[in-house]
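A.B. asks: Okay, sequence plus prediction incoming.
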Amino acid sequence: MRVLIVSDIHSNYTALDTVLSVAGEYDQLWNLGDTIGYGPRPNECVVAMRARADRMLSGNHDLACLGKIDLSDFNPDARTANIWNGKQLADDNRAELDGLAPSMEVDDRFLLAHGSPREPVWEYLLSRAQAEDNFELFTQQVCFIGHSHVPLVVRLHPDGTCGDPMLGEADTLFELEPGFRYF
């Protein structure tokens, strides 16, 4: 099965449309949150995800635009953009985002989290130490995370040792090895 994973669209419909046009065929689309916030087209992005996403999470910007988390936790530009994005949302798109969680189990193999298993809304998982702590909090082989805006892969060896984060590169095929676990 081929899964297209998107995250942190931030109301940038032009970028989303470009990604969808070059992604090729896929069986499922999983959205890891922050569909809205910052950009000028929140409704178009939510409508596109409602039509295509098989799995969809809420991110910190989605929650802020809905008034569900404190805007004082954001820098002034993000705070202003989140207020504006929230005011633009059509009722059906607001309802869609309002029903989302920041993490979900797909099955016994995959977990999705906007930030991390430990803190699905806010944690930027960028270090080996963070990965080691978070591997303790889920049982699936793979946890896909968004939020950091950095394409990282962290691998946990069957002997319990955790490797350093590796930068992912475009068009790289990454095979999951039996016994290993991954972010």
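C.D. replies: Alright, I've got the coordinates.

A.B. asks: same for the lowest-mean-pLDDT helix or strand in the chain, what does it pack against?
C.D. replies: Here the helix or strand of the chain ranked lowest by mean pLDDT, DSSP states H and E is strand 166-167, holding a mean of 89. On a contact count with 3 or more C-beta pairs under 8 Å, 6 or more residues apart in numbering; DSSP states H and E, strand 166-167 meets strand 152-153. C-beta coordinates here come from the backbone N, C-alpha and C atoms, glycine included.

A.B. asks: can you list contacts of the strand it packs on?
C.D. replies: 125-126, 165-168, 174, 182-183 (C-beta atoms under 8 Å, 6 or more residues apart in numbering).

A.B. asks: Against Ala48, how distant is the residue of the chain most remote from its centre?
C.D. replies: Distance from the C-alpha centroid of the chain peaks at Asp159, with 28.4 Å (C-alpha atoms, centre = their mean). Computed as C-beta to C-beta, to the nearest Å, the Asp159 to Ala48 distance reads 43 Å.

A.B. asks: and Asp171, how many neighbours?
C.D. replies: 4 (other C-beta atoms under 10 Å).

A.B. asks: element containing it?
C.D. replies: Assigned by DSSP states H and E, Asp171 belongs to no helix or strand.

A.B. asks: Contact partners for it?
C.D. replies: Going by C-beta under 8 Å, 6+ apart, Asp171 touches no other residue.

A.B. asks: Assess the claim that Pro158 and Gly179 are in contact.
C.D. replies: Yes. In this structure Pro158 lies within contact range of Gly179 using C-beta atoms under 8 Å: 3.9 Å.

A.B. asks: Among the contacts of strand 152-153, show me the least confident.
C.D. replies: Minimum pLDDT across the contacts of strand 152-153 is recorded for Phe174, with 78.
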